[in-house]
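*Asks:* following is a predicted model, sequence given first.
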Amino acid sequence: FAALPADAAVKASYLEVYNERVFDLLGEAPDGRGPKNLKVCEDERNGVVRVLDLTEAPCADAETVLDLLTRGNGRRTTEATGANDVSSRSHAVLRLTLAAAAGPPRHLTLIDLAGSERASATGNRGLRLAEGAHINKSLLALANCINALTHPAAPKPKFRDSKLTLLLKTALESAAVRLVVVACVSPSMTSVDDTLNTLKYARRAKEMPKSEVAAPQE
């Protein structure tokens, strides 16, 4: 933050995708009972996806961002499952927007993907099973979109297959996107299948096309 221009302004938003519904982790529902349920709209003419009425909180320093992240995490949907005592039941998207007089706004988007689930391994039933199905569906949709973007001969990406991919459409289609994947793996033989699948997923994302960065002019 100290290196930002004097006229720069940073705002943060934080949302979760739970069972194909989008919730504002920084905003309150009108009835005061939990996060706001939000609508996602696509401007097809300009190729932009927007989340209506999403809270954007001003941030003066990194501590403010961390405080907002902690606040949002406290409202994120988690439940005990057969695999974890505290399991994320949603995908979370934290976005920082930098606006300055020079140039268009820039975005840093951090996404925490819920892990894929196998019902045979978790023993989930009822609502937990339905949550796992939604998680797996959106992860597959994201993998398919990345595959379509990395292989010119592949069919056109189907961003509307999930709310997660629709939210990431603008970023994934941008020629200037910089994609970094942090893969969580385990050395345990009991997790070998999950580890291999995670590494394959990350490798596919690594193949996303990159644009050249122009060298600064002297």
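*Replies:* All right, it came through fine. Keep in mind it's a predicted model, so treat the numbers as computed, not measured.

*Asks:* so residue 171 makes contact with residue 165?
*Replies:* No - taking C-beta atoms under 8 Å as the definition, residue 171 is not a contact partner of residue 165, at 10.6 Å. In this view, the C-beta of every residue, glycine as well, is placed from N, C-alpha and C.

*Asks:* who's more crowded, the two?
*Replies:* residue 165 (24 against 16; other C-beta atoms under 10 Å).

*Asks:* for that one, which three-state class applies?
*Replies:* Following DSSP: H, G, I helix; E, B strand; the rest coil, residue 165 is assigned to helix.

*Asks:* got the contact list for it?
*Replies:* Residue 165 sits next to 138, 141, 142, 145, 157, 158, 159, 172 when contact means C-beta atoms under 8 Å, 6 or more residues apart in numbering.

*Asks:* check contacts around the last one.
*Replies:* Think residue 172. The neighbourhood of residue 172, defined by C-beta under 8 Å, 6+ apart, consists of 145, 146, 149, 157, 159, 165, 208.

*Asks:* assign the first one to helix, strand or coil.
*Replies:* Under the three-state scheme (three-state DSSP), the conformation of residue 145 reads as helix.

*Asks:* count the residues that sit near the residue nearest to it when sequence neighbours are not counted.
*Replies:* In space, and not counting its chain neighbours, residue 145 is closest to residue 157: 4.2 Å by C-beta to C-beta, 6 or more residues apart in numbering. By other C-beta under 10 Å, the residues close to residue 157 number 19.

*Asks:* just to revisit the earlier point, turn the contacts of residue 172 into JSON lines, including pLDDT.
*Replies:* Output for the contacts of residue 172, formatted as JSON lines (pLDDT from 0 to 100):
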{"residue": "145", "pLDDT": "91"}
{"residue": "146", "pLDDT": "88"}
{"residue": "149", "pLDDT": "86"}
{"residue": "157", "pLDDT": "89"}
{"residue": "159", "pLDDT": "92"}
{"residue": "165", "pLDDT": "94"}
{"residue": "208", "pLDDT": "77"}
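
*Asks:* list buried residues within these.
*Replies:* By neighbour count, with 16 or more other C-beta atoms under 10 Å, the contacts of residue 172 hold 145, 146, 149, 157, 159, 165 as buried.

*Asks:* what about the third one, which helix or strand?
*Replies:* This points to residue 149. In the assignment (DSSP states H and E), residue 149 maps to helix 126-150.

*Asks:* same check, this time on the fourth one
*Replies:* Using DSSP H and E, residue 157 maps to neither a helix nor a strand.

*Asks:* contacting residues around it?
*Replies:* By C-beta under 8 Å, 6+ apart, the contact set of residue 157 is 144, 145, 148, 149, 165, 172, 173.

*Asks:* looking at this structure, which helix or strand does the model trust least?
*Replies:* The helix or strand of the chain with the poorest confidence is helix 119-122; it has a mean of 65 (mean pLDDT, DSSP states H and E).

*Asks:* list the buried residues of the helix holding residue 149.
*Replies:* So, applying 16+ other C-beta under 10 Å, buried residues of helix 126-150: 128, 131-132, 134-136, 138-139, 141-146, 148-149.

*Asks:* and the helices in this protein?
*Replies:* Under the criterion DSSP state H, helices of the chain are mapped to 62-73, 119-122, 126-150, 163-173, 192-206.

*Asks:* could I get those in TSV, plus columns for distance to residue 8?
*Replies:* Output for the helices of the chain, formatted as TSV (distance: least, C-beta to C-beta, whole Å):
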stretch	distance to residue 8
helix 62-73	14
helix 119-122	45
helix 126-150	31
helix 163-173	20
helix 192-206	29
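
*Asks:* that concludes my questions; thank you for your assistance.
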